[in-house]
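Peer 1: coordinates for the following, if possible.
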Amino acid sequence: MAWNTLDWLDLMLRWFHIMGGISWIGGSLYLLWLDRIFADPERAAKGEHGEPWMIDQAGSLLVEKLKLEPDGLTKTHIWFKRETILTWVSGILLLVMVAPLPGSLLTGSGGQPINAFTSAAIVVALLALSWFCYDLLWRLSLSQKTALLLTLSIGLFTAVAWGLTQIFSGRAVFLLLGSTLGSLMMGNVWFRILPALKEMKEARQENRMAEPTLCTLARHRATHNSYLIFPTVVLMLSNHYPVIYSHWLNWIVVSLLLAAFVGGRHMVVSGKAGLWAFYSALILVGIAVYLVAAVNPPRESADSGNVSFTTARGIIVMHCLSCHSTVPADRSYGPAPGKISFDRPEDIKRHARRIKVSTVTIKTMPIKRDSGQDNGMTKAERELLGRWVDAGAKLE
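Peer 2: Okay, here's the model as predicted:
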């Protein structure tokens, strides 16, 4: 199948976005690691102020941390800003490109289409309000009551995740939440960190001490960005896996993953002192896995009235989507066995009769495992699917 210009543009944007992100993330983590090295009290007691490095076989480099006083500021400033803006802009362009794709930004929570203008307005408002609320919340008390502010921030994230699931499809929710975190990181760099660097440069030129409040705020926001890196990457990758984003409790799952990978970051940067965060992260991921695997949506009674598409789709997502997807969770049979996928509502409707024949009439699906038992579809669920098809397989 020949690719068109949009396919190539999409692929090149993804390459560019990932490479820009690697540059941004790598630089951020490196600088924070250096800061932790310099803050080591044992090194400070010895009067050490630099760290030698062996770079391949080219020789040693000495990294030195200077104070904020006029004589402690250098003439040369390296600002890691291009990586930030290029990563963010390429990410926004990718968001625009994937918007029309199945289950993306133009698909509602019940599979119904969403007007492009309405979707764009919601996305813009989400990104702008998220930055405003986050920035206001963390500027009010800066470093005081960090645990309380962190808990409140995760609570607000969970509330936003739930709200988005009432409007958009699960995949769109994951994309939007990842974009929101990335936008917060970009805002921290351009509106808080870069102004502090500019202040440092001007202070050196004017032979005065840099404004400590501005520099402290920038330091805190750099730390925030390091905590947001891992959750952002997790969200962006998870939107390729229907088994996660299509779950009826996906807003809880995504919040657990956010908290887990914030803890994972703490362990990576803190070393052995952060092992408690690592164990906490494992517990949170375990809870998320349990929810996806074992917590089923409320089931309608098989002898009740009309069966909604939401109910029918929930059954299909739970029992069929692990195989019949363009990105299957079960790769035993390859992507979309028989070229049948249920990623989009219209795909489910198009194959509605085949679904009834396979699951209700001859009961050959879901496929039986080596144990001889199927994957858990109950008699009531089969009857619900059959009634939904008989009623016209309506997407409502």
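Peer 1: low-confidence regions, the stretch 101-250 of the chain specifically.
Peer 2: Applying pLDDT under 70 to the stretch 101-250 of the chain flags the ranges 102-103, 110-111, 141-144.
Peer 1: could I get the full set of strands for it?
Peer 2: For the stretch 101-250 of the chain, strands defined by DSSP state E, counting those that start in this stretch do not occur.
Peer 1: show me where it has its helices.
Peer 2: For the stretch 101-250 of the chain, the helices defined by DSSP state H, counting those that start in this stretch cover 116-141, 146-165, 170-188, 194-205, 212-238, 242-245, 250-270.
Peer 1: how about the ones you listed in TSV, adding distance to Ser325 and mean neighbour count?
Peer 2: Heads up, the C-betas are built off the backbone N, CA and C, glycines and all. Formatted as TSV, the helices of the stretch 101-250 of the chain follow (distance: least, Cβ to Cβ, whole Å; neighbours: other Cβ atoms under 10 Å):
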stretch	distance to Ser325	mean neighbour count
helix 116-141	23	14
helix 146-165	20	15
helix 170-188	11	24
helix 194-205	42	17
helix 212-238	14	19
helix 242-245	5	22
helix 250-270	15	21
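Peer 1: how about a markdown table for those helices, with distance to Pro366 added?
Peer 2: Converted to a markdown table, the helices of the stretch 101-250 of the chain look like this (distance: least, Cβ to Cβ, whole Å):
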| stretch | distance to Pro366 |
| --- | --- |
| helix 116-141 | 34 |
| helix 146-165 | 26 |
| helix 170-188 | 21 |
| helix 194-205 | 54 |
| helix 212-238 | 24 |
| helix 242-245 | 14 |
| helix 250-270 | 21 |
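Peer 1: among these, which is nearest Val327?
Peer 2: Nearest to Val327, of all the helices of the stretch 101-250 of the chain, is helix 242-245, at 6.7 Å by Cβ to Cβ.
Peer 1: which other residues reach that closest one?
Peer 2: Residues from elsewhere that reach helix 242-245 (Cβ atoms under 8 Å, 6 or more residues apart in numbering): 169-171, 173-174, 238-239, 250, 253, 292, 317, 321-322, 325, 327, 329, 343.
Peer 1: go again using 6 Å as the cut-off
Peer 2: Contacts with helix 242-245, where a contact means Cβ atoms under 6 Å, 6 or more residues apart in numbering, come from Gly170, Arg171, Phe174, Ser238, Asn239, Leu321, Ser322, Ser325, Ala329.
Peer 1: now, the most widely separated pair of these?
Peer 2: Largest separation among the contacts of helix 242-245 by Cβ to Cβ: Phe174 and Ser322, giving 17.7 Å.
Peer 1: not counting sequence-adjacent ones, nearest residue to Arg353?
Peer 2: Val389 (6.5 Å; Cβ to Cβ, 6 or more residues apart in numbering).
Peer 1: show me what contacts Ala259?
Peer 2: Applying Cβ under 6 Å, 6+ apart to Ala259 gives the contacts Ile154, Leu284.
Peer 1: next one: it from Gly271, what distance?
Peer 2: Distance of Ala259 to Gly271, computed by Cβ to Cβ, to the nearest Å: 20 Å.
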